[in-house]
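Visitor: sequence unknown, structure follows:
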């Protein structure tokens with residue numbers, strides 16, 4: 001049922017080297033039915049995935065905040081394996097509005113959002129709670145102070161931040177210390193500007209969780225713009241997506257990609273990347 005997978009360190013935990021990004025299961029226009037989503041999550045867990053990433057803002061509509069969190073909770077409740085061994089990471093501070101998206105980094109909002117996520121996930125303590133996106137209206141240290149308060153109140157086990165620059169990572173680390181275990185920023189072959197953040201995470205011993213590691217919803221085909229990934233995939237007899245994730249894993253021991261998936265076949269292909277060892281020559285071609 002639960003297969004072994006290469007692991008990486010997140011806080012004081014060992015988690016599978018590939019996580020599951022559950023966002024595509026709750027995006028309007030792309031949503032599979034609930035049964036398919038649950039099968040996808042179960043396939044990931046059966047394959048050894050132990051990190052599932054969600055957020056309160058992953059929802060098809062502003063009227064259904066927490067949709068993805070509730071879906072993940074339902075899938076875990078139906079899984080026959082040991083759900084206590086699965087780290088669920090969720091996020092707050094990126095809000096949904098009738099017109100789309102906004103941010104609210106105020107401590108009062110983040111604490112309310114955490115309480116709402118606790119209820120949606122059906123847990124007493126959130127495994128990993130991450131601030132979703134900086135709010136230019138709120139001093140960053142105030143937002144991070146709210147994460148410290150939530151940890152000290154026993155509502156979250158670990159804290160993380162997302163969409164943060166190197167200065168913000170260092171500030172959060174200064175405030176949170178070893179409570180801060182993760183940084184979740186965009187990183188993929190088409191979006192490489194998070195290289196400095198990866199280096200800061202490696203320096204501080206913080207996990208780096210690339211979001212949209214394959215280019216984002218509907219963009220996995222954009223690997224076609226990077227022919228080396230296809231060429232090496234052809235040589236190896238694997239998918240370009242596997243090569244992409246293996247390239248990211250090779251970037252640093254702190255990198256734990258969280259590819260999105262809405263079908264069992266997709267996440268199983270991604271999980272196989274954890275066992276794909278690229279040569280130094282291949283890595284040089286991919287990074288060129």
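Guide: Now that the structure is in, tell me what you want to look at. The model shown is predicted, which means the values in this text are computed figures rather than measured ones.
Visitor: Residue 250 contacts residue 278, correct?
Guide: Yes: the pair residue 250 / residue 278 is scored as a contact, 5.8 Å apart, by CB atoms under 8 Å. For the C-beta atoms, the positions are set from N, CA and C on the backbone; glycine is no exception.
Visitor: Please enumerate the helices of the chain.
Guide: Along the chain, the stretches classed as helices by DSSP state H are 34-46, 67-78, 107-121, 140-152, 166-176, 195-204, 227-236, 240-251, 264-271, 280-287.
Visitor: Need the winner for burial among those.
Guide: helix 240-251 (a mean of 23; mean count of other CB atoms under 10 Å).
Visitor: For that helix, what is the distance to the chain centroid?
Guide: 16 Å (CA atoms, centre = their mean, to the nearest Å).
Visitor: Just the pLDDT at residue 96, thanks.
Guide: If you check residue 96, the pLDDT there is 89.
Visitor: What number of residues are in the vicinity of the nearest residue to it once chain neighbours are set aside?
Guide: Spatial nearest neighbour of residue 96, excluding adjacent residues (CB to CB, 6 or more residues apart in numbering): residue 62 at 3.9 Å. Counted with other CB atoms under 10 Å, the neighbours of residue 62 add up to 15.
Visitor: List the residues that contact residue 62.
Guide: If you count contacts by CB atoms under 8 Å, 6 or more residues apart in numbering, residue 62 has them with 96, 97, 98.
Visitor: From residue 257, how far off is the first one?
Guide: In other words, residue 96. The gap separating residue 96 from residue 257 is 25 Å, by CB to CB, to the nearest Å.
Visitor: try the last one
Guide: Relative to residue 257, residue 98 is positioned 33 Å away (criterion: CB to CB).
Visitor: Against residue 281, how distant is the residue of the chain positioned farthest from its centre?
Guide: The C-alpha centroid of the chain is most remote from residue 235, which lies 29.3 Å away (CA atoms, centre = their mean). The gap separating residue 235 from residue 281 is 11 Å, by CB to CB.
Visitor: Then residue 244?
Guide: On the measure of CB to CB, residue 244 and residue 281 end up 17 Å apart.
Visitor: just residue 20 next, same as before
Guide: 31 Å.
Visitor: okay, how far is it across stretch 190-210, tip to tip?
Guide: Start and end residues of stretch 190-210 are separated by 12 Å (CA to CA, to the nearest Å).
Visitor: how far out from the middle of the chain is that stretch?
Guide: With CA atoms, centre = their mean as the basis, stretch 190-210 stands 13 Å off its chain's centre.
Visitor: same question, stretch 185-198
Guide: Its chain's C-alpha centre and that of stretch 185-198 lie 14 Å apart, by CA atoms, centre = their mean.
Visitor: Quick check: mean pLDDT of it?
Guide: On average, stretch 185-198 scores 96.
Visitor: follow-up on the earlier one: okay, residue 98 and residue 257: which has more neighbours?
Guide: Using other CB under 10 Å, the more surrounded residue of residue 98 and residue 257 is residue 257, with 28 against 7.
Visitor: re the thing from before, now the helices of the chain as TSV including distance to residue 134?
Guide: Formatted as TSV, the helices of the chain follow (distance: least, CB to CB, whole Å):
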stretch	distance to residue 134
helix 34-46	29
helix 67-78	22
helix 107-121	12
helix 140-152	6
helix 166-176	7
helix 195-204	13
helix 227-236	31
helix 240-251	24
helix 264-271	28
helix 280-287	28
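Visitor: So for residue 216, which of the ones you listed sits nearest?
Guide: helix 240-251 (12.4 Å; CB to CB).
Visitor: between the closest one and helix 227-236, how big is the angle?
Guide: Here the directions of helix 240-251 and helix 227-236 differ by 100 degrees (axes from the mean of the first three to the mean of the last three CA atoms, to 10 degrees).
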